[in-house]
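Asks: from the sequence below, what's the structure:
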Amino acid sequence: KATLAAIVKQAPDFAVISGDVTNKATNNDFRQFFTRGQALVSETVVYTCQGNHDTRDWSVYTDWMHNAFPGHVDEGFYAFDVGPAHFVMLNDSVSRADFPTAWFEAELSQSQAPWNMVVMNGNYRDHAWLLDLLEVHQDQIDVILTAGGGAHYLDASGILHIESGGSEY
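Replies: Residues are numbered from 1 along each chain as shown. This next block holds a predicted model:
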């Protein structure tokens, strides 16, 4: 609760959540999460990716957040620009066959933003095919934001990887 209060006090223009908003993605889970986060979500545009625990119909998020999701929202993939940053939000719990590779590559290659940020829930190193895809496009990616222990580091390809810490308030 203290972390949420500190974030709200700063009055951010927007917030990014790197997935796993709920445990089983029931309506009750959503109510609990967004009730605890009401001070933030009522005043701030919140973008989130779909994590491996958020397994239900992704459109349910639009019932709880007041911003519109552009792109492939039904599959948990979308992108948006805020100031000098282009955010590419990924559902990294899908299989390689279900990953929209052409869309992802177009988002990176067509971006005019100085900063390209890829946001996902899991650790991209757990998926060899996704790691390969990110490395192929390493010159177009400035930051990878994931859930995790709160570490940040430059990986071998030179991409800044930031683990946002746990998703619990």
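Asks: pLDDT below threshold where in the chain?
Replies: 21-25, 54-75, 123-125, 149, 165-169 (pLDDT under 70).
Asks: state the distance from the nearest residue to H127 once chain neighbours are set aside to L4.
Replies: Closest residue to H127 apart from its sequence neighbours, by C-beta to C-beta, 6 or more residues apart in numbering: D92 at 6.6 Å. For the C-beta atoms, the positions are set from N, CA and C on the backbone; glycine is no exception. To L4, D92 is 25 Å away according to C-beta to C-beta, to the nearest Å.
Asks: could you do I144 as well?
Replies: 24 Å.
Asks: which of D92 and L4 has more residues huddled nearby?
Replies: Using other C-beta atoms under 10 Å as the criterion, D92 and L4 rank with D92 on top: 24 against 15.
Asks: pretty sure the more buried one is touching V119, no?
Replies: No - using C-beta atoms under 8 Å, D92 is not in contact with V119; the gap is 9.7 Å.
Asks: overlap of the contact sets of the two?
Replies: Counting by C-beta atoms under 8 Å, 6 or more residues apart in numbering, the contacts common to D92 and V119 are C49.
Asks: walk me through which strands the host helix or strand of V46 pairs with, and which way each runs.
Replies: Secondary structure from DSSP states H and E places V46 in strand 45-48. With DSSP bridges as the test, strand 45-48 is paired with strand 14-17 (parallel).
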